[in-house]
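Colleague: Sequence plus the predicted model coming up.
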Amino acid sequence: MLYPHHHLSLEDRVIHKNDYQPCAEAFVDTRLRNRDGKLNYCIIGPGVAENDSQFIHIAEPHGFNVGGVSLPTGKFNSLHSHLTAEVFIVVRGVWRFFWGHDGKDGEQILKPGDIISIPTGCFRAFESIGSDDNFMFSLLGEDDPGAITWENEVIEGAANFGFYLTKDARLIDTRKGDLLPANDELIRPLSKSELLNFHRVSEQEMAARIYNVNENHGYIDIFADEQRNGGMKRYHPIIGETMSELYSVRSHILNPHSFSLAAIKSPPNNGFLKHTIDAKQVMIVGSGKWLIEIEHNNEFLMQELMPEDTVSIPENAVRSITNIGMEDGILYSAISGNEAANIIWM
Ligand SMILES: [Fe+2]
C-alpha cells in the first residue's frame with residue numbers, strides 16, 4: 001500500500017524524537033494477552049502497519065521504510081514473518097528476540113547500540129525485558145514490504161477481541177463497527193506444511209547478523225575528507241554496499257536489503273564534510289548532538305539534531321554533518337538501493 005505524498009520542504013524532512021506519533025493498535029495482535037501497550041511508529045513510509053489510522057510522518061517513497069517500536073516491560077510482539085528485510089536499531093531498553101515458527105529456534109538479548117538484521121521468511125518475535133523507557137528503530141526493505149504473516153495463535157486469538165485481518169492486510173475492528181468481510185477475504189491459519197516452509201535460522205546464524213558500533217573498530221582513512229579539518233571519523237559499514245569510494249571495506253552483513261546501513265563515530269567538531277550522494281539517504285542520530293546542513297534546489301537548511309532524531313535527505317542534495325557535542329557521537333546512515341551509492345566531495 002503506497003500513500004499519496006506532496007512536496008516536502010527540507011524542514012519537513014527533519015523529524016525530532018519528541019514529535020514521533022505512535023499508534024497503539026497498529027497490528028492485529030495488540031489486543032491479545034501480554035501484547036497490549038505496543039506503540040508503533042511510521043517515520044518514513046507506511047511500513048507494514050495494518051491500521052488505517054496509523055500516522056505516517058514522511059510518505060514519500062525512499063526504497064525502504066523507517067519506523068519504530070516501544071513495548072511495556074514484560075509485553076511482547078507476536079511471532080510473525082516478513083517478505084522483505086527487517087532491521088532493528090536498539091536505542092533504549094533491553095530486548096529478547098526469539099524466532100522459529102514455535103519461537104524456539106533460538107534467542108538473542110539486545111541492548112542499546114545493537115543492530116540486528118532478521119532474515120526474510122522466518123518467524124520472529126521480541127519482548128521488552130529492561131525498563132519501560134525503551135525504543136527501537138525498525139527498517140523494512142522495499143517501498144512496499146508487503147503483508148505480515150502472523151503465527152496462527154494471533155489470527156485465531158484476535159477474533160475473540162473483534163480483530164480480523166483481510167488477505168490485503170486491512171485490520172477489521174468489529175468492536176468499532178467495521179463489517180466482517182466474507183470468510184474467503186480473511187486470512188486463514190497456516191497448515192502444518194505451510195508453517196514448515198518458513199526459514200529456520202540457527203542461533204549462530206542470527207548472532208552473525210548483530211552489530212554494535214561501540215564493540216567494533218570500524219575503518220579510518222577511507223574518505224577523502226578525513227585529510228581535512230572536521231572530517232575525522234571511524235566508518236562502520238554494517239549492511240550491504242554502502243559507498244562506491246570504499247574499495248577495501250566490507251560490510252558485516254552482505255545480503256541485499258534494498259538499502260544499505262552504515263554508521264560513523266566522530267569526535268567533537270568532526271563528521272562528514274560537504275558532499276552529495278546520488279541516492280536517498282536517511283540519517284538517524286544514535287548518540288551526541290549534531291549539526292546538519294543541506295542545500296537543495298535553492299533551499300538551505302541548518303538544523304541541530306539530538307539522539308533519535310531522523311532526517312531524510314533528497315538525492316544529490318549537498319550535505320554536511322558535524323558533531324557539535326562535547327563527546328564522541330554516533331550517526332547511522334541508511335541509503336536507498338542495493339548498489340553502492342556514489343559520493344562526490346564539494
Ligand atoms: Fe516485524
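Modeller: Thanks, I have the structure now.
Colleague: Now do the longest helix seen in the chain: which elements does it pack against?
Modeller: Using DSSP state H, we find that the single longest helix of the chain is helix 152-158. If contacts are counted by 3 or more Cβ pairs under 8 Å, 6 or more residues apart in numbering; DSSP states H and E, helix 152-158 sits against strand 76-81, strand 163-165. Backbone N, C-alpha and C define where each C-beta goes, glycine included.
Colleague: So residue 341 is in contact with residue 333, correct?
Modeller: No: if you go by Cβ atoms under 8 Å, residue 341 and residue 333 don't touch, sitting 9.9 Å apart.
Colleague: what touches both of these two?
Modeller: Residues touching both residue 341 and residue 333 (Cβ atoms under 8 Å, 6 or more residues apart in numbering): 242, 281.
Colleague: host element of the nearest residue to residue 72 once chain neighbours are set aside?
Modeller: Leaving aside its sequence neighbours, residue 72 sits nearest to residue 37 (Cβ to Cβ, 6 or more residues apart in numbering; 4.1 Å). Here residue 37 is covered by no helix or strand, with elements defined by DSSP states H and E.
Colleague: give me every residue that touches the nearest residue to residue 196 once chain neighbours are set aside.
Modeller: In space, and not counting its chain neighbours, residue 196 is closest to residue 101: 7.3 Å by Cβ to Cβ, 6+ apart. By Cβ under 8 Å, 6+ apart, the contact list for residue 101 reads 79, 123, 151, 195, 196, 198.
Colleague: returning to what we had before: mean pLDDT lowest for which of the helices and strands packed on helix 152-158?
Modeller: When the helices and strands packed on helix 152-158 are ranked by mean pLDDT, strand 163-165 comes last with a mean of 93.
Colleague: now for the next helix or strand after that one, which elements pack on it?
Modeller: Downstream of strand 163-165, the next assigned helix or strand under DSSP H and E is strand 171-173. With contacts defined as 3+ Cβ pairs under 8 Å, 6+ apart, strand 171-173 has these neighbours: strand 163-165.
Colleague: Could you spell out the sheet neighbours of the strand it packs on, each with its direction?
Modeller: When pairs are called by DSSP bridges, strand 163-165 turns out to pair with strand 171-173 (antiparallel).
Colleague: Off-centre distance for the partner strand?
Modeller: 25 Å (Cα atoms, centre = their mean, to the nearest Å).
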